[in-house]
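>>> Pasting the sequence and the predicted model now:
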Amino acid sequence: MTVPPTIAPDGRALVTGVAGFLGSRLAERLVAAGREVVGIDCFTGTRDLKEANLARLRGSDRFRLLELDLSRDSIEEAVAGARTIYHLAAQAGVRGSFGQGFEAYLRNNVQATQRLLEAALGSGVEALVYASSSSVYGESEPGPTPESAARRPVSPYGVTKCAVEDLAAVYHRQHGLPVVGLRYFTLYGPHQRPDMAFARFIDAALAGRAIGILGDGLQERDFTFVDDAIEGTIRAAERGRPGALYNIGGGIRTSLRAVISMLETLLDAPVSVRHLARARGDARQTCADPSLARAELGFEARVRLADGLARQLAWTLGGGLRGLPAAA
């Protein structure tokens, strides 16, 4: 059965991490559907990149930006009056979570989430959708991974996402907070951060540089287009079962080598590759079992990888985030 696109529910929405890759696109979708959106961001990382993500939102009278740090600043006033909270703010990335960088992950993932959950108590919020990650599974068994699979993270980043899930579960059990968790699988698309794989691949290929691949390139990922992820996120707010966790992915594994081949086809030119040492915390394969999200949310990833990659390439060729620093 074909499920029509969702229409965002009424009422004010609060989006944390609103200047990020996913948050900014979600906020645009909500504003376009007539929602009033309050966005929170503390602008870690490249300020110019995040300002570019917000460019279209800043022109709307239905959007208001609050520059706040969830881990430190007072957020009760921002939360008050929100019918839906989309908690997407996070310290992202696996490799940076090792060593001294872990402190930022504790602050921006664990502490920030606990403070937001606490602020949401008694606010009347009807759904608090929060971002988890496929990284909680770690080295999962071959084949699609259901939500019931054991969590065995292989990075400190994955550990913090497990903590986020556990915190949300505590607030649901103890206070009835209507939390819904989403385990996103490898998001990509226009506006992707420059340090993420597809953005790096496209940037290198267009510049005539060799694409750096960590390891042998045979590692497989369940790549999920950003528009599909946004659809799943809105459906979670509308239909998600409080306390539940859902995989947001398509259930199809693709190797990095296959992605390079797709990029060569799109560019109609060969692409050179240089292999680098495999990184710590890099799982060998990820693949969502999307059955639960399909049954309970009516969610299904619809954008094929080749089409999504073509859309990201076209966006980059059309200007993308030209002038901003690319990943090394």
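Perfect, I can see it now.

>>> drop to CA atoms for contacts and neighbour counts, all remaining ones
Noted.

>>> And the strands in the chain?
Secondary structure of the chain by DSSP state E: the strands cover 13-16, 37-41, 63-67, 84-87, 127-133, 179-184, 187-188, 211-214, 220-221, 224-225, 245-248, 254-255, 273-276.

>>> Now distance to residue 73, mean pLDDT and mean neighbour count too, for these, in JSON lines please.
What follows is the strands of the chain, written out as JSON lines (distance: least, C-alpha to C-alpha, whole Å; pLDDT from 0 to 100; neighbours: other C-alpha atoms under 10 Å):
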{"stretch": "strand 13-16", "distance to residue 73": "13", "mean pLDDT": "98", "mean neighbour count": "27"}
{"stretch": "strand 37-41", "distance to residue 73": "11", "mean pLDDT": "97", "mean neighbour count": "24"}
{"stretch": "strand 63-67", "distance to residue 73": "10", "mean pLDDT": "97", "mean neighbour count": "15"}
{"stretch": "strand 84-87", "distance to residue 73": "16", "mean pLDDT": "98", "mean neighbour count": "25"}
{"stretch": "strand 127-133", "distance to residue 73": "19", "mean pLDDT": "98", "mean neighbour count": "24"}
{"stretch": "strand 179-184", "distance to residue 73": "22", "mean pLDDT": "98", "mean neighbour count": "25"}
{"stretch": "strand 187-188", "distance to residue 73": "29", "mean pLDDT": "97", "mean neighbour count": "22"}
{"stretch": "strand 211-214", "distance to residue 73": "38", "mean pLDDT": "89", "mean neighbour count": "18"}
{"stretch": "strand 220-221", "distance to residue 73": "36", "mean pLDDT": "94", "mean neighbour count": "20"}
{"stretch": "strand 224-225", "distance to residue 73": "33", "mean pLDDT": "98", "mean neighbour count": "26"}
{"stretch": "strand 245-248", "distance to residue 73": "28", "mean pLDDT": "98", "mean neighbour count": "28"}
{"stretch": "strand 254-255", "distance to residue 73": "41", "mean pLDDT": "96", "mean neighbour count": "17"}
{"stretch": "strand 273-276", "distance to residue 73": "40", "mean pLDDT": "90", "mean neighbour count": "14"}
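
>>> Turn those strands into JSON lines, including distance to residue 148.
Shown next, in JSON lines, are the strands of the chain (distance: least, C-alpha to C-alpha, whole Å):
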{"stretch": "strand 13-16", "distance to residue 148": "27"}
{"stretch": "strand 37-41", "distance to residue 148": "32"}
{"stretch": "strand 63-67", "distance to residue 148": "37"}
{"stretch": "strand 84-87", "distance to residue 148": "23"}
{"stretch": "strand 127-133", "distance to residue 148": "14"}
{"stretch": "strand 179-184", "distance to residue 148": "12"}
{"stretch": "strand 187-188", "distance to residue 148": "22"}
{"stretch": "strand 211-214", "distance to residue 148": "30"}
{"stretch": "strand 220-221", "distance to residue 148": "19"}
{"stretch": "strand 224-225", "distance to residue 148": "20"}
{"stretch": "strand 245-248", "distance to residue 148": "9"}
{"stretch": "strand 254-255", "distance to residue 148": "23"}
{"stretch": "strand 273-276", "distance to residue 148": "34"}
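
>>> closest one to residue 156 among these?
Among the strands of the chain, strand 127-133 comes nearest to residue 156, with 12.5 Å by C-alpha to C-alpha.

>>> and that closest one, what other elements does it pack with?
When contacts are defined as 3 or more C-alpha pairs under 8 Å, 6 or more residues apart in numbering; DSSP states H and E, strand 127-133 packs onto strand 84-87, helix 156-175, strand 179-184, helix 226-239.

>>> For the shortest one, what is the distance to the chain centroid?
The chain centroid and the centroid of strand 84-87 are separated by 13 Å under C-alpha atoms, centre = their mean, to the nearest Å.
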